[in-house]
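Peer 1: can you look at this prediction? I've put the sequence above it.
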Amino acid sequence: MDTLKRELLSQRVRSVKPSGIRKFFDIINTMPDVISLGVGEPDFVTPEHIRQAGIDSIQQGHTRYTSNYGMLELREEIATMLQRRYNLTYDPAKEILVTVGVSEGVDLTMRTLIDPGDEVISPDPGYVAYEADIVFAGGVPVPVPTYAKYNFAVRATEIATAITPRTKMILIGNPNNPTGAVVPRAELEGIAKLAIEHDLIVAIDEVYSRLVYGTEHVSIAALPGMQERTILLDGFSKAYAMTGWRVGYVAAPARILEAMLKIHQYTIMCAGTAPQEAAIEALRHGEADVQMMHDDYERRGRMFVAGLNRLGLPACEPKGAFYAFPYIGDTGMTDDEFAEKLLFEEEVAVVPGSAFGACGVGYVRAAYCTAYDKLEEALVRIERFLKKH
């Protein structure tokens, strides 16, 4: 029995609500026949040659700590890839840090750069961890709205109106989770101009950057004057179907990265050795795998989004990632009610849009990274559900 009279939990922890995604994930695990469109997890298994590289690492006895920064060989491959993709030059010895997924990278960014009361601007809807990480660091989240009429892409004009003397950082997921929005070059140029004018840091989460459809992906770090004020966050989970390996990285100016390392070395030490060696294999020989998965997601997304629109659930065409974000407000249900009833009545799992911010109210997120035939069956079940309600 708890006899302590004082409040045990910190105010920061108490102010953050549990993840809306995890709530549904826990329920899904108890339902064997559910079609899960809830969790952004590729249904592809990590490609065999990448798995084998991890197995070989273990069998060869590579089971010790690596450098806190991560294996130099992996950092060199990351630097080579960033040079090839964006014409960005990073020193692999001082400007790249291997993390336990991009999630650690976001957390490190906030805890390294944000002081209590600093404001961080971020698009709404946005990934659920962003607001929590800002709060855990003592910062103040400042959501800026995005709109379906602009395909949910954040606009520089919206960010400009949110800047105050306390603003320190702009945090953007590009492509966006949950909407699949890709920020156009012109808007990124406008955001870069604001960052330089107001002396702000930009943290850019590009974990879906290899999954972009019918448009270009531009890294804001590659725009003039931006590399020195950009924290570039990326990883292997989505493009290489390596979610469980937990490998990501941060690319940033050496002074910032050295400060991040303080937190990383005291809390994490280093990413796993076998996962890092698998990531090396992914970068060296995984390009065909990425392209195959990209093309399949694009095919699934076209079919699924067209199906949602046909059923009267308006959804923008996602330009990146693997999420549809249909509007369900005309059903007369809240997004929470819609998701809960759809799960228990038709065993299709989606996530309420409100889990991703106030601008997600009236929407749900449906991940189309599951098999094509399951997506077709999900549409059948959703149509049946809509007819009942």
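Peer 2: That came through, no problem.
Peer 1: measure Ala148 to Tyr327 for me?
Peer 2: 7 Å (C-beta to C-beta, to the nearest Å). (Each C-beta comes from the backbone N, C-alpha and C, glycine too.)
Peer 1: quick check: buried residues in the biggest helix by length in the chain?
Peer 2: Assignment by DSSP state H gives helix 287-310 as the longest helix of the chain. In terms of neighbour count (16 or more other C-beta atoms under 10 Å), helix 287-310 has its buried residues at 289-290, 293-294, 296-298, 300-301, 304-305, 307-308.
Peer 1: overlap in contacts, Ala148 and Tyr327.
Peer 2: Residues touching both Ala148 and Tyr327 (C-beta atoms under 8 Å, 6 or more residues apart in numbering): Pro314.
Peer 1: tell me what the longest helix of the chain is packed against?
Peer 2: Helices and strands touching helix 287-310, by 3 or more C-beta pairs under 8 Å, 6 or more residues apart in numbering; DSSP states H and E, are strand 323-324, helix 372-388.
Peer 1: most packed of these?
Peer 2: strand 323-324 (a mean of 27; mean count of other C-beta atoms under 10 Å).
Peer 1: hmm, who's touching that strand?
Peer 2: 40, 177-180, 301, 304-305, 308, 315, 318, 365-368.
Peer 1: out of the residues you listed, flag the one nearest to Ile28.
Peer 2: Ala367 (11.7 Å; C-beta to C-beta).
Peer 1: surely that closest one and Phe322 touch.
Peer 2: Yes. Counting by C-beta atoms under 8 Å, Phe322 is a contact partner of Ala367 at 6.0 Å.
Peer 1: joint contacts of the two?
Peer 2: Contacts common to Ala367 and Phe322, judged by C-beta under 8 Å, 6+ apart, are Gly40.
Peer 1: name the residue in the two with the higher neighbour count.
Peer 2: Shown here are Ala367 and Phe322; by other C-beta atoms under 10 Å, Phe322 has more neighbours (29 against 25).
Peer 1: give me the pLDDT for that one.
Peer 2: Note on Phe322: pLDDT of 97.
Peer 1: kindly report the same for Pro32.
Peer 2: pLDDT, Pro32: 76.
Peer 1: on the three-state scheme, it is what?
Peer 2: coil (DSSP: H, G, I helix; E, B strand; the rest coil).
Peer 1: Val120 now?
Peer 2: From three-state DSSP, the assignment for Val120 is strand.
Peer 1: who does it bridge with?
Peer 2: Pro141, Met169 (DSSP bridges).
Peer 1: wouldn't Gly307 be in contact with Glu377 here?
Peer 2: No. Using C-beta under 8 Å, Gly307 is not in contact with Glu377, being 11.0 Å away.
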